[in-house]
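> here is my input; please provide its structure:
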Amino acid sequence: MTTRRAAWIAAAALAAAAIVLPGCENSPLSAGKDFKITLIAQPGAVVIDPANNINEGTSTLLATVLDGNSVPQQGITVYFSANGGSLSSGAHGVKTSGAGIATDVLTVGANDPASITVTATSASISGTATVTKTAVAGNRPPSVLIVASPQNTQASGGAVVFDGSGSSDPDTGQFITMYKWVITSTNPDVGKPNPIIAEGPGVSGVSIPNDAITAFQNAQGLTVTLLATDDPTAPATFAAGQPVAYRAQQTINYTITGCANTAPTAVIAGPATQQIIGGAGSLATVQLDGSLSTDAETPIDTYTWNCGNGSIPQVVPPARAVCSYLVDGVQRTYTVTLVVTDRGNGQIVNGQYQCVKQSTPATIQLLVTPQAGG
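Numbering: from 1, shown residues only. Next up is the predicted model:
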């Protein structure tokens, strides 16, 4: 009985072994103790940009398994884990390819940490990599760009353009709503504001000279700042006389150089006080002569007259003008002025003379007198 019982027990043990062994053959292959895993993330940084409907980003994870001789190992099961985001493998293992690489994908969302550590593990070995997240602000500020023409420097009296039309807003469907220019001089011209400020919804550029500001005359340094905002309420705020909160700006330095050119001299022919007489209620005219104006280097280029009564003078080229005055019942006195500009150094760039200078105003007092007994 003892011998038969022992034989039965041995047979049972062999049968049990036959049941277990096939299961072992289907178990995942794990890395050996002398194996190593390297893990890389491509890309290592993802960008989240909700303003442009980019609410998540992905990084491909590549885990390479090598044996002790640095030979890639196929069929090794690798498990990926991370402290943020979501893995396409979930909790399942990923087998290495013939190149020894197991691949997974990490998806990063707006609420995930700024830095995510990913781990690839097989048996007792592991490798790590870091994926960083950059979240773009929901409403990014404008990008401001100043282009000066001519670049960097201009001779005194020359035209200057500061152009900000290349500025833009990086967010889809948004645009710049307000501009503000602040131009500060180290040696401002007499009578010119300092700083020069130009502001408004469409003020994307400043041209000097213009109707309000003559060309720069002194040698000077300019600090030119352009501010911009994409706030849709900014124009209404500006129209209401309230300060606008600008979100972005750029500043450049610009130089106005002096030039070897003396300013011209304006002269109005005749005495300092002149008189015209007419019947009360009539229109009296006077011809004014600026031909005695001079410049040491070049001919006079322009003659600018002001009749002193708000009327527009009738220009008689090259140096004369006719002003008209309504004769009142009493004598009226008007100040007539003439400003002349020269041709600078005689050089023309883009159709304009360079180093242009203007005279100080020449003046006369004009007495408009009604006829006696009129």
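> low-confidence regions, the chain specifically.
Counting by pLDDT under 70, the chain contains low-confidence ranges at 1-28, 51, 137-138, 373-374.
> at the geometric centre of it, which residue sits there?
Centroid-nearest residue in the chain, with Cα atoms, centre = their mean: Val144, separated by 1.2 Å.
> that one reaches Asp163, doesn't it?
No - taking contacts as Cβ atoms under 8 Å, Val144 lies outside contact range of Asp163: 11.8 Å. C-betas here are computed from N, CA, C, even on glycine.
> spit out the residues that contact the two alike.
Both Val144 and Asp163 lack any common contact, where contact means Cβ atoms under 8 Å, 6 or more residues apart in numbering.
> Ile348 is in contact with Cys355, correct?
No - at 11.1 Å, Cys355 does not count as touching Ile348 under the criterion of Cβ under 8 Å.
> those two: which is more packed in?
Between Cys355 and Ile348, counted using other Cβ atoms under 10 Å, Cys355 has the larger neighbour count: 22 against 11.
> helix or strand: which one has the more buried one?
Following DSSP states H and E, there is no helix or strand that holds Cys355.
> residue contacts, it?
Counting by Cβ under 8 Å, 6+ apart, Cys355 touches Ala155, Ser156, Gly157, Gly158, Cys259, Ala260, Asn261, Gly344, Asn345, Gln347.
> can you put those residues in JSON lines and add neighbour count, secondary structure and distance to Ser59?
Output for the contacts of Cys355, formatted as JSON lines (neighbours: other Cβ atoms under 10 Å; DSSP: H, G, I helix; E, B strand; the rest coil; distance: Cβ to Cβ, whole Å):
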{"residue": "Ala155", "neighbour count": "23", "secondary structure": "strand", "distance to Ser59": "56"}
{"residue": "Ser156", "neighbour count": "21", "secondary structure": "coil", "distance to Ser59": "58"}
{"residue": "Gly157", "neighbour count": "26", "secondary structure": "coil", "distance to Ser59": "60"}
{"residue": "Gly158", "neighbour count": "24", "secondary structure": "coil", "distance to Ser59": "55"}
{"residue": "Cys259", "neighbour count": "17", "secondary structure": "coil", "distance to Ser59": "60"}
{"residue": "Ala260", "neighbour count": "7", "secondary structure": "coil", "distance to Ser59": "65"}
{"residue": "Asn261", "neighbour count": "23", "secondary structure": "coil", "distance to Ser59": "65"}
{"residue": "Gly344", "neighbour count": "24", "secondary structure": "coil", "distance to Ser59": "62"}
{"residue": "Asn345", "neighbour count": "18", "secondary structure": "coil", "distance to Ser59": "63"}
{"residue": "Gln347", "neighbour count": "13", "secondary structure": "coil", "distance to Ser59": "60"}
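> just to revisit the earlier point, which residues does the residue nearest to the centre of the chain contact?
Counting by Cβ under 8 Å, 6+ apart, Val144 makes contact with Gly164, Ser167, Leu226, Leu227, Ala228, Ala248, Gln249, Gln250.
> burial count for the last one?
When neighbours are defined as other Cβ under 10 Å, Gln250 has 15 of them.
> go on, the third one?
Other residues within reach of Leu226 by the criterion other Cβ under 10 Å amount to 27.
> skip the chain neighbours and tell me the closest residue to it.
Leaving aside its chain neighbours, Leu226 sits nearest to Gly164 (4.7 Å; criterion: Cβ to Cβ, 6 or more residues apart in numbering).
> list the contacts for that neighbour?
Neighbouring residues of Gly164 by Cβ under 8 Å, 6+ apart: Val144, Leu145, Ile146, Val147, Tyr179, Trp181, Ser204, Gly205, Leu226, Ala228.
> now the strands for the stretch 251-374 of the chain?
Along the stretch 251-374 of the chain, the stretches classed as strands by DSSP state E, counting those that start in this stretch are 273-278, 283-289, 300-306, 314-316, 320-326, 332-342, 348-349, 352-353, 362-370.
> between the ones you listed, which one is nearest to Thr233?
Ranking the strands of the stretch 251-374 of the chain by proximity to Thr233 (Cβ to Cβ) places strand 352-353 first, at 40.3 Å.
> re the thing from before, dump the strands of the stretch 251-374 of the chain to a markdown table, plus distance to Gly75.
Shown next, in a markdown table, are the strands of the stretch 251-374 of the chain (distance: least, Cβ to Cβ, whole Å):
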| stretch | distance to Gly75 |
| --- | --- |
| strand 273-278 | 110 |
| strand 283-289 | 104 |
| strand 300-306 | 89 |
| strand 314-316 | 96 |
| strand 320-326 | 100 |
| strand 332-342 | 88 |
| strand 348-349 | 76 |
| strand 352-353 | 79 |
| strand 362-370 | 100 |
